[in-house]
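**Student:** Structure, please.
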Amino acid sequence: MRLPNVFQSSGYVFRALLGPFPVFGHKLLSRTASLPHLYTLRKKMHYQTEERGSPNTTDYRIYFKNSDGIYISPFHDIPLIAEAEQQHNDLAAKKAKRIESEVLFNMVVEVPRWSNAKMEIATKEPLNPIKQDVKKGKLRYVANIFPHKGYIWNYGAIPQTWEDPNHMDSETKCCGDNDPIDVCDIGMQVCSPGQVIQVKVLGILAMIDEGEMDWKVIAINALDPDAKSLNDIDDVRKSRPGHLEATVDWFRKYKVPDGKPENQFGFNAQFQDKDFAVEIIKSTHEHWRALVQKQTNSGGIECKNVSCSDSPFKCNAKDATKVIQSAPALGCAHNVPSVVDKWHFV
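**Tutor:** Residues are numbered from 1 along each chain as shown. Below you'll find the model as predicted:
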């Protein structure tokens, strides 16, 4: 039997100060950003992953547990912002976890760089495990569009965010795609599905996918050697020539081999800066809050969680365990179709 994967992340942020949901308006971000670097004892939370079903099949799932062994939702129970504590018992001393003066966000990795399987948080299943997307009964793989092999970054989602399909963006006039906000980690480490990392936000791209708003946050793993020198999207442009252009090209063309039209972009396909990106994250976090508090139409989203105390969808550990027990046991991996290795020239 395969042992659970264990990844490190941080615990819930600002619970004692701001209640059960992490809220971060202009004042809070400005205050944390203006403070000098604090050398604090950081309390780590370990997230475990548990596989169910057979890899490379439609029943394969990756479920999450917290450090207490309780099954959780990576969508709803992993905090938006990483946390540091000066003392375990000093709740008033909690600060947002930072690199230098930077507030860090949690990222749930769905797809490792250079891989093809379109893994994603299952937003419409209880406890929102990671699964492989399916289209017309077949597992989805992104094509290799020359010169790119699969995804060109670690790809995933920022937890506790939601692109509300009822909310129209004022600039693009498009509504959200009903998913957590996507994030591309441009760090050098190749991550694993289900890994939870802390990232430094650098900018954002406004992709329009079949008429829906589908923001793409550009970020870097806080542990990456380049993290301290990359502070905004212009730093990426200067230090990594061609990387942002390749990102736009990838998102524009990745569906073309499947017979779909090229994706479009807001702002003339220009990346917006870090401050703009944080505003979008803030907005999608507020939409998520309304979602788990049942203040908006859920759009079919499954909101079962174990930690959001004001949420009518909150369940106990026993109920969460029942969800996983109903899933198939871990089986042997099936072969990946050979067509996945094909090159496409678009």
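
**Student:** Which parts of the stretch 101-250 of the chain are helices?
**Tutor:** Assigned by DSSP state H, counting those that start in this stretch, the stretch 101-250 of the chain shows helices spanning 233-239, 243-253.

**Student:** Could you list the buried residues of the shortest one?
**Tutor:** By neighbour count on 16 or more other C-beta atoms under 10 Å, the buried set for helix 233-239 is 233, 235, 236. Glycine gets a C-beta too; all of them are placed from N, C-alpha and C.

**Student:** elements contacting that helix?
**Tutor:** When contacts are defined as 3 or more C-beta pairs under 8 Å, 6 or more residues apart in numbering; DSSP states H and E, helix 233-239 sits against strand 196-209, helix 243-253, strand 272-273.

**Student:** same thing but at 6 Å, please
**Tutor:** Helix 233-239 is packed against strand 196-209, with contacts defined by 3 or more C-beta pairs under 6 Å, 6 or more residues apart in numbering; DSSP states H and E.

**Student:** Only alpha carbons, please: show the strand it packs on as CSV.
**Tutor:** Extracted as CSV, the C-alpha positions of strand 196-209 are listed here (Å, rounded to 0.1, in the frame of the first residue of the first chain):
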residue,chain,number,x,y,z
VAL,A,196,0.8,22.8,-1.0
ILE,A,197,3.4,25.6,-1.4
GLN,A,198,3.7,29.2,-0.5
VAL,A,199,4.0,31.6,-3.4
LYS,A,200,4.9,35.2,-3.9
VAL,A,201,2.5,36.9,-6.3
LEU,A,202,4.1,38.8,-9.2
GLY,A,203,1.3,39.6,-11.7
ILE,A,204,-1.8,38.4,-13.5
LEU,A,205,-3.0,37.6,-17.0
ALA,A,206,-6.7,38.2,-18.0
MET,A,207,-7.5,35.1,-20.1
ILE,A,208,-11.0,34.8,-21.6
ASP,A,209,-11.9,31.1,-22.1
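
**Student:** pull the helix or strand with minimum mean pLDDT from the chain.
**Tutor:** helix 15-18 (a mean of 29; mean pLDDT, DSSP states H and E).

**Student:** Give me the nearest residue to residue 137, chain neighbours excluded.
**Tutor:** Once flanking residues are discounted, residue 137 sits nearest to residue 58: 7.9 Å by C-beta to C-beta, 6 or more residues apart in numbering.
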